[in-house]
Each structure stands twice: as C-alpha cells, then as structure tokens.
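Undergrad: With the input below, show me the fold.
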Amino acid sequence: MIFPTLLLLNAVASFTETAAFFAPASTVVGRPRNGSMHMIQQNGEEKDAITAITIGQHERRDFLLQSLGVGSAIASTSFIPFPSIARADDDYNIYKRGGEGGDLTSQLFNPDGSLRDPNSVVSAQENAVDLIISIPTNDSMDKTDGVNIIMSTDAVNPTSTANASANIKASYKLPLKWNTDASSTIPLYYDSSEGKNGKSCNRITVYSITTPPNIPLDMTVLEKASKVGVAKSLFMDQIPNSYFDQGVLKADLISGRTVRKPIQSIDDKGELDEQIYYEFDLAFAPLKCDDFMEGNKENLGLGFCPYDNIFLVSATVVNNSDRGTLMCCVVECNKDEWKMANSDLKRVRSSFILERT
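TA: Presented below is the predicted three-dimensional model:
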C-alpha cells in the first residue's frame with residue numbers, strides 16, 4: 001500500500017508543476033498590502049481582491065480534483081492491467097446453500113428448513129446394546145424367600161429362565177468412540193478420540209428385581225426413593241457378594257428427574273403406553289480419606305474428601321400380567337472418568353429403554 005501511494009503523490013505533483021508552468025501570469029492572485037483593499041488586473045479587467053481570492057480558490061480546487069482524478073487513473077492502470085470491480089450480487093461472491101462442498105446442514109436441509117431428501121439418514125454415532133431379561137413366573141418363586149435378581153454386566157446377556165412369564169428387552173446406547181470389545185488390549189470403554197485418550201466408564205449394569213407375590217412392587221417404590229434412600233429402594237444392598245460399592249448406601253442424591261418413554265401396551269393390541277423412568281445422580285466419597293501428607297492432595301483438612309464415585313441410575317417398574325418388575329440401569333464412574341466424559345455418561349444413562357417382546 002505504501003508504494004502505490006507514493007506513485008500517486010508523485011503523479012499529482014508532476015501534473016501540478018506542469019500546469020503551473022503553462023499557467024498565464026494573469027491568474028496569479030494578488031494580496032492586499034498594508035491592510036488596504038486594492039484592485040488587481042486580471043484578463044484586462046479590474047476586480048477587487050476579495051473577488052479575485054474567491055475565483056482563485058475555486059480554480060485551484062477544480063484543478064486539484066482534476067489532477068487527482070487523472071493521477072488515480074494512471075496509478076490504477078499502472079498496476080492493474082485488467083481492472084475489475086467486485087460486486088456483492090456476483091454469483092462467485094455468494095455462498096450457495098447446498099452447493100458442492102457445503103456444510104452438512106446445507107446438504108441435508110433446504111433454505112426454508114425442510115429436508116432435501118426425507119429418506120436421507122445420518123450415520124449413527126452410537127452402538128446399541130440389546131439385552132433380554134426373563135421375568136420368572138409365580139410358581140418358580142418361593143413366597144417366603146427373598147427377591148429374584150437377574151443381572152447383566154457390560155452388555156453380557158444373562159442366562160434365560162426356562163419358566164419365564166415374559167421377556168423384556170432392555171437397551172442402551174454407547175458412544176461409537178468408546179471401545180466396546182472386551183477382548184481387546186485396550187481397556188473397555190476407552191475413549192481414544194482427540195483430547196480424551198482415557199477410560200470413560202467403570203461399569204454398566206442392567207438388573208431386574210422381581211418380588212414374591214405377597215410383596216407388591218410398583219412405582220411408589222421409586223416415588224419414595226428420595227426419602228427412603230435411592231440405593232435401598234433399588235435393592236442394591238440385596239445384590240449378592242456386595243456387587244456395588246457399599247458406600248452407595250450413604251451416597252448423596254445430587255439430582256433426580258422423571259422421563260416418559262413409549263412402551264408396548266400390556267394387552268398386546270399394538271398400542272403404545274407411556275412408561276415413566278426415574279433418573280438419579282448419586283455420588284459418594286471414599287470410606288477412608290487419607291491425609292494430605294499421605295499423598296491425598298484433595299484432602300484440605302476440612303474433615304471430608306470430595307466425591308470419588310458417581311452412579312448414574314435409570315429405573316422403572318414394568319407392570320406384567322400378575323405383578324411389577326423393577327428394571328434398573330446403573331452407569332458407574334470415578335471422579336477422573338466423570339471429569340472427562342460426564343456428558344457421554346449422562347447420554348448413556350438416559351438412553352436406557354425397555355420393550356416388551
């Protein structure tokens with residue numbers, strides 16, 4: 001920008017000097033001397049100094065404007081052999097929605113927001129996990145014994161029951177970026193995407209609880225869970241071998257909500273009913289909290305440690321012909337996994353859904 005500007009100023013200066021060389025002497029404006037107004041001679045006529053000064057100002061302004069116009073033309077033609085003007089309405093200056101190479105939104109939608117191709121399907125970014133849970137019959141359960149528990153850990157289908165009264169398909173979805181191959185050398189649920197490179201989840205458990213006929217089980221169990229205790233209401237303390245960390249019995253309820261999802265009607269007429277799911281976020285600290293001097297940098301001497309385990313739970317009670325069955329999905333993670341993948345973990349929990357088969 002500096003070099004063309006200097007050439008432009010040189011062109012103006014050269015034209016000014018040339019015009020001054022050819023200008024007649026009569027065009028020079030005189031100035032009043034000694035504070036007196038005197039007459040000057042211009043083209044054989046006498047005019048007062050004020051009129052002459054006004055005429056001279058207009059002449060100089062017109063000359064400068066003409067000189068700048070010519071100088072600009074010379075400067076532009078000297079550096080741009082084929083000058084062109086870019087206009088906003090030119091086709092090549094407008095971004096065309098849906099053109100080749102456009103973004104995904106422009107390829108899928110018209111400018112008015114409607115789908116370009118109603119039959120187009122975007123490739124799924126999730127892996128679906130389907131499990132078959134068998135509901136035992138009344139005859140197969142001891143009326144005086146405890147509850148019947150069927151469990152599935154990390155997408156492994158449980159053993160089916162021969163005398164099942166009904167089968168329930170339980171499904172949830174995992175992010176495509178997670179490793180779901182248990183036989184791989186990479187840890188299960190490892191997220192190798194850019195910026196992550198770490199394990200996102202500790203364990204995912206789906207289990208069912210069926211009570212004897214003399215112990216009814218319905219949605220009131222979940223409605224009172226926040227008062228009685230979520231872990232106790234979901235029978236986590238009755239699962240054998242202390243399957244869940246027993247610290248969950250004293251876990252804090254961080255948040256909870258209900259979600260409505262469709263399910264086939266129990267009368268098998270092809271109609272859909274609404275199934276209510278209760279979602280709970282539970283968190284608890286380790287039973288033993290090491291001191292700061294022992295290497296625990298999170299113990300600030302306040303008498304407690306931060307949460308170390310997080311349970312994301314989705315639970316509902318499915319009504320069968322004779323009784324209800326509690327169905328739960330529990331997504332477990334530690335504090336490091338939560339920091340890295342909390343949004344993915346919540347989506348996994350919320351994707352839990354049941355279907356009658």
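
Undergrad: make it CA atoms for all contacts and neighbour counts henceforth
TA: Will do.

Undergrad: For Val230, grab phi and psi.
TA: phi -60, psi -50 (degrees, to the nearest 10).

Undergrad: which stretches of the stretch 1-150 of the chain have low pLDDT?
TA: Filtered on pLDDT under 70, the stretch 1-150 of the chain yields the residue ranges 1-104, 112-115, 117-124, 137-145.

Undergrad: Now do the phi/psi pair for Ile263.
TA: Listed backbone geometry of Ile263 is phi -150, psi 150, with angles given as degrees, to the nearest 10.

Undergrad: thought it was touching Asn319?
TA: No: assessed by CA atoms under 8 Å, Ile263 is found out of contact with Asn319, at 11.0 Å.

Undergrad: any chance you could map the strands in this structure?
TA: Listed from the start of the chain, the chain has strands (DSSP state E) covering 39-42, 45-48, 126-136, 148-153, 164-175, 190-191, 198-199, 203-210, 252-264, 272-284, 309-319, 324-334, 353-356.

Undergrad: Work out the sheet partners of the last one and label each with its direction, please.
TA: Under the criterion DSSP bridges, strand 353-356 sits next to strand 164-175 (antiparallel) in its sheet.

Undergrad: quick one, domains of this protein?
TA: Using automatic domain parsing, the domain ranges for the chain come out as 2-79, 87-120, 127-356.

Undergrad: gap between the two ends of the last one?
TA: This points to domain 127-356. Its start and end residues considered, domain 127-356 measures 21 Å (CA to CA, to the nearest Å).

Undergrad: neighbouring contacts of stretch 203-216?
TA: Applying CA atoms under 8 Å, 6 or more residues apart in numbering, the set of residues contacting stretch 203-216 from outside is 133, 135-136, 138, 141-155, 170, 217, 235, 323-333.

Undergrad: and what of stretch 339-349?
TA: Applying CA under 8 Å, 6+ apart, the contact partners of stretch 339-349 are 172-175, 196, 200-201, 312-314, 329-331, 338.

Undergrad: Which residue in these has the weakest pLDDT?
TA: Lowest model confidence among the contacts of stretch 339-349 falls on Lys196, which carries 83.

Undergrad: Nearest residue to it in space, please, no chain neighbours.
TA: Once flanking residues are discounted, Lys196 sits nearest to Met340: 6.9 Å by CA to CA, 6 or more residues apart in numbering.

Undergrad: How many residues are close by the one you found?
TA: Around Met340 sit 18 other residues, with neighbours defined as other CA atoms under 10 Å.

Undergrad: Gly247 too?
TA: Counted with other CA under 10 Å, the burial measure for Gly247 works out to 14 neighbours.

Undergrad: May I see the strands of the chain arranged in a markdown table, with distance to Arg116 as well?
TA: Converted to a markdown table, those look like this (distance: least, CA to CA, whole Å):
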| stretch | distance to Arg116 |
| --- | --- |
| strand 39-42 | 78 |
| strand 45-48 | 79 |
| strand 126-136 | 24 |
| strand 148-153 | 42 |
| strand 164-175 | 27 |
| strand 190-191 | 34 |
| strand 198-199 | 39 |
| strand 203-210 | 39 |
| strand 252-264 | 29 |
| strand 272-284 | 31 |
| strand 309-319 | 37 |
| strand 324-334 | 38 |
| strand 353-356 | 31 |
